[in-house]
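> below are the sequence and a predicted model for it; my questions follow.
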Amino acid sequence: MLNTIKTNGKVIAKKVNREKYGSLLTDALPTVIRTRAENEYYLSVVERLMQKESRLSKEETALLDLLSLLIETFERQHYQIRKSEPRAILTELMASNRLKQGDLLSVFGTKGRVSEVVNGKRAISKEQAKKLAAFFHVSAELFI
């Protein structure tokens with residue numbers, strides 16, 4: 001069964017099986033997220049769906065889209081990223097990627113320079129910020 005929606009007199013057919021989608025909604029019970037616990041629950045549902053990779057049904061994809069929107073809305077309101085010091089961002093990225101100072105030689109050129117930047121004795125230059133951005137796949141503005 002196809003679900004049809006009328007918008008401004010036009011009919012838009014959604015290729016989602018109402019029964020299958022309804023069953024998924026009943027299992028997940030998506031609502032506006034108000035607490036961190038609810039957010040964690042919906043993140044776990046999203047993780048289970050994402051583990052299926054390309055084998056998601058249209059109904060599962062629709063649920064994934066809905067949960068992603070709910071999670072994004074909650075996190076935008078409750079987990080605002082504060083501007084941090086470039087060095088703190090670098091050390092956090094190193095820790096989260098399990099990197100050592102020696103892993104950044106391609107960015108800084110020498111062990112001494114890596115050490116100076118990581119230990120706060122030398123600022124990150126604009127050129128190094130660009131290299132770090134490419135290395136970590138993030139915006140160079142994080143390091144400037």
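Perfect, thanks for sending it. Numbering: from 1, shown residues only.

> name the helix or strand for V16, please.
Element membership of V16, judged by DSSP states H and E, is strand 10-17.

> average pLDDT for that strand, rounded please.
Averaging pLDDT along strand 10-17 yields 66.

> what's downstream of that strand, the next helix or strand?
Counting by DSSP H and E, what follows strand 10-17 is helix 18-28.

> domain map for the chain?
2-78, 86-143 (automatic domain parsing).

> F135: neighbouring residues, count only.
By the criterion of other C-beta atoms under 10 Å, F135 has 16 neighbours. Quick note: C-beta positions are derived from backbone N, CA and C, even for glycine.

> could you report the separation of it from D103?
9 Å (C-beta to C-beta, to the nearest Å).

> can you pull out the strands in the chain?
Ranges of strands in the chain, per DSSP state E, are 2-7, 10-17.

> identify, by residue count, the longest helix of the chain.
Using DSSP state H, we find that the single longest helix of the chain is helix 58-78.

> can you list contacts of it?
Residues from elsewhere that reach helix 58-78 (C-beta atoms under 8 Å, 6 or more residues apart in numbering): 15-17, 20-21, 24-25, 28, 30-34, 36, 38-39, 42-43, 45-46, 49-50, 52, 56.

> mind doing that once more with 10 Å?
The list of residues contacting helix 58-78 from outside it, by C-beta atoms under 10 Å, 6 or more residues apart in numbering, reads 3, 14-25, 27-28, 30-36, 38-43, 45-46, 48-50, 52, 56-57, 81.

> for stretch 40-50, same thing?
Residues outside stretch 40-50 that contact it (C-beta under 10 Å, 6+ apart) are 24, 27-31, 33, 35, 56, 60-61, 63-64, 66-68, 70-71, 74-75.
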